[in-house]
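Peer 1: Need a 3D model of the sequence below.
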Amino acid sequence: MNHRDILAQGRRIEWPTPSGKQVWHVWNEGAPRPLILLHGGSGSWTHWVANVQALASQRAVYALDIPGFGDSDLPVGARDVDDLYRPIAEGIVDLLGDRKSTRLNSSHVALSRMPSSA
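Peer 2: Numbering: from 1, shown residues only. Purely as a prediction, here's the structure:
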């Protein structure tokens with residue numbers, strides 16, 4: 001299955017946050033225990049495209065275009081990955097509320113310090 005087919009199976013969400021628009025791609029949205037996918041630098045959510053179908057077979061999958069790396073806005077004043085922690089955490093909390101979730105990072109060691117509740 002190609003990238004467009006996988007994208008068509010999900011839903012694109014343009015989520016407004018205090019630091020700008022975040023773009024999320026979501027599959028199997030109503031399933032329990034969401035899995036949040038955070039891609040590495042110099043890429044986009046498409047780093048996960050080969051895995052989305054398998055991951056979404058039993059849970060909700062939310063893939064974020066990290067602010068400034070894809071379709072999401074770069075927060076004003078952000079100069080490096082450490083400046084993205086708060087905006088990403090705000091987006092997760094705003095989008096998922098108090099739903100328990102699991103986060104999978106492909107890179108950005110600084111983002112791995114984000115509390116699991118965010």
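Peer 1: Pull out the buried residues from the lowest-mean-pLDDT helix or strand in the chain.
Peer 2: Of all helical and strand segments in the chain, the minimum by mean pLDDT, DSSP states H and E falls on strand 102-105, at a mean of 82. Judged by neighbour count using 16 or more other CB atoms under 10 Å, the buried positions of strand 102-105 are 103, 105. Just so you know, the C-beta spots here come from the backbone N, C-alpha and C atoms, and that holds for glycine as well.
Peer 1: Extract the CA atoms of it and return them as CSV.
Peer 2: Coordinates of each C-alpha in strand 102-105 appear next as CSV, following Å, rounded to 0.1, in the frame of the first residue of the first chain:
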residue,chain,number,x,y,z
THR,A,102,1.9,5.7,25.0
ARG,A,103,4.4,7.8,23.2
LEU,A,104,6.9,6.5,20.6
ASN,A,105,9.8,8.8,19.6
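Peer 1: Packing partners of that strand?
Peer 2: Judged by 3 or more CB pairs under 8 Å, 6 or more residues apart in numbering; DSSP states H and E, strand 102-105 is in contact with strand 35-38.
Peer 1: and stretch 68-83, how far from the chain's centre?
Peer 2: 14 Å (CA atoms, centre = their mean, to the nearest Å).
Peer 1: And the pLDDT at the closest residue in space to His25 that isn't next to it in sequence?
Peer 2: Of all residues not flanking His25 in the chain, Ala63 sits nearest, at 4.6 Å (CB to CB, 6 or more residues apart in numbering). On pLDDT, Ala63 comes in at 93.
Peer 1: so what strands line up beside the strand or helix carrying Ala63?
Peer 2: If you go by DSSP states H and E, Ala63 is part of strand 61-65. In the sheet, strand 61-65 lines up against strand 20-27 (antiparallel), strand 35-38 (parallel) (DSSP bridges).
Peer 1: Serialize the ones you listed to TSV and add fields for distance to Pro67, mean neighbour count and mean pLDDT.
Peer 2: Converted to TSV, those look like this (distance: least, CB to CB, whole Å; neighbours: other CB atoms under 10 Å; pLDDT from 0 to 100):
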stretch	distance to Pro67	mean neighbour count	mean pLDDT
strand 20-27	6	20	94
strand 35-38	11	23	92
